[in-house]
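Student: Can you look at this prediction? I've put the sequence above it.
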Amino acid sequence: MKLPLLDYTSALFKNTNFENVLLIAVQHILDSNYSMFEHLFDMGLKPQNTFLLGKCYSTNKETIEKFRKKGVYVSDGSFKFDSHLSFDSQFELIVKDLLKSVQGKVNFSDYEKVLLVDDGGYLVYVGNSFFKNFSNILAIEQTSSGYNKLKNEKLNFPVINVARSNAKLIYESPFIADLIVKKISSKLKELKLNPKTCLIVGAGSVGKELFNLLKNKFETHIYDVQQHISDFGKTKLANIISDFDLIIGASGNEIINDKIYSKIKKGAILVSASSSD
């Protein structure tokens, strides 16, 4: 898979060497991410120094096989999911198991850097207590939900916040929103549903793009806890949510608790634009 932006970025750091780096990553195991790792391998990263955990809802079996044939360790936890538990609560335990597995195979002190590449904040969150006594740890967090999970933590190592970079906020968000809208349209057609009103919860970069794409399809409004960017000022979500047929969560946080759920109108359609529950 050719990804021009990835090729361009890689060329900027062609003298960087990952030969003495241990990389532990939580990623969506898809072909596009395999392409990213190929660039890292070209820059010296050894497959045997690469440990990977996917998410059950996005793990592609063919891509896992490509990683494993290359010599990368891919956790069996990439497939685990119990539908009677929340994804988030069980995924934290799976991340802990990953780090214990890595610890049983390598000596962290043998590497110049131990790099954690995270999608959702759980690897950094768990790693923050796991790696207390090491000075060679560096982490990257890619998502807003991960940023929200980590922003109040006292971190024991540097964390690069990709989620708030211009590349992510300005250039990636329209692609994400466009894909979400296409998926919503396809599913509504498949289920023969015809909502009239739409509420987007979260006026961040993705939420704003969703609003622009949906405002001519439905009577669309946007809600945010920051009053100045919300259509509803000081009004609480629980007081307006019953007015909408289609509700899209794009805040990077859980938006529906028991109190709010009881106010949702019967037959309302719930959509998550986030990377977990």
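Tutor: Okay, I see it.
Student: What are the boundaries of the strands in the chain?
Tutor: Counting by DSSP state E, one finds strands in the chain at the ranges 21-26, 50-53, 73-74, 113-118, 137-141, 159-161, 197-201, 219-223, 246-249, 269-272.
Student: Tell me which of those strands sits nearest to residue 97.
Tutor: Closest to residue 97 of the strands of the chain is strand 50-53 (C-beta to C-beta; 8.9 Å). The way it works is simple: take the backbone N, C-alpha and C, and place the C-beta from them, glycine included.
Student: Give me the mean pLDDT for the closest one.
Tutor: Mean pLDDT, taken over the full extent of strand 50-53, equals 98.
Student: quick one on the thing from earlier: redo the strands of the chain as CSV? Include distance to residue 210.
Tutor: Below are those laid out as CSV (distance: least, C-beta to C-beta, whole Å):
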stretch, distance to residue 210
strand 21-26, 25
strand 50-53, 29
strand 73-74, 33
strand 113-118, 24
strand 137-141, 22
strand 159-161, 22
strand 197-201, 5
strand 219-223, 8
strand 246-249, 6
strand 269-272, 9
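Student: In CSV, list those strands along with mean neighbour count and distance to residue 256.
Tutor: Conversion of the strands of the chain to CSV gives the following (neighbours: other C-beta atoms under 10 Å; distance: least, C-beta to C-beta, whole Å):
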stretch, mean neighbour count, distance to residue 256
strand 21-26, 24, 25
strand 50-53, 24, 27
strand 73-74, 20, 33
strand 113-118, 22, 25
strand 137-141, 22, 24
strand 159-161, 17, 27
strand 197-201, 23, 9
strand 219-223, 20, 12
strand 246-249, 24, 7
strand 269-272, 16, 7
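Student: nearest to residue 234, of those strands?
Tutor: Here strand 219-223 is closest among the strands of the chain (C-beta to C-beta), at 11.5 Å.
Student: From the contact counts, what lies against that closest one?
Tutor: Applying 3 or more C-beta pairs under 8 Å, 6 or more residues apart in numbering; DSSP states H and E, we find strand 219-223 packed against strand 197-201, helix 205-214.
Student: Nearest to residue 173, out of those?
Tutor: Once those are compared by C-beta to C-beta, helix 205-214 is nearest, at 4.0 Å.
Student: quick check: mean pLDDT across stretch 123-139?
Tutor: Within the predicted structure, the mean pLDDT of stretch 123-139 is 95.
Student: Going by neighbour count, list what's buried in that stretch.
Tutor: For stretch 123-139, a neighbour-count test (16 or more other C-beta atoms under 10 Å) marks 123, 124, 125, 126, 127, 128, 130, 131, 136, 137, 139 as buried.
Student: go on, stretch 234-246?
Tutor: If you call a residue buried by 16+ other C-beta under 10 Å, then stretch 234-246 has these buried ones: 237, 240, 241, 244, 245, 246.
Student: any chance of these in a markdown table, plus distance to residue 44?
Tutor: As requested, those are exported to a markdown table (distance: C-beta to C-beta, whole Å):
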| residue | distance to residue 44 |
| --- | --- |
| 237 | 49 |
| 240 | 53 |
| 241 | 51 |
| 244 | 51 |
| 245 | 53 |
| 246 | 48 |
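Student: ok, of those residues, which one's closest to residue 57?
Tutor: Lowest distance from residue 57 to those (C-beta to C-beta) belongs to residue 246, with 21.1 Å.
Student: on that earlier part again, kindly indicate which of the buried residues of stretch 234-246 lies nearest residue 253.
Tutor: residue 237 (11.6 Å).
Student: And the closest one, what's its pLDDT?
Tutor: Confidence at residue 237, expressed as pLDDT, is 94.
Student: Contact partners for it?
Tutor: With contacts defined as C-beta atoms under 8 Å, 6 or more residues apart in numbering, residue 237 is in contact with 201, 223, 255, 260.
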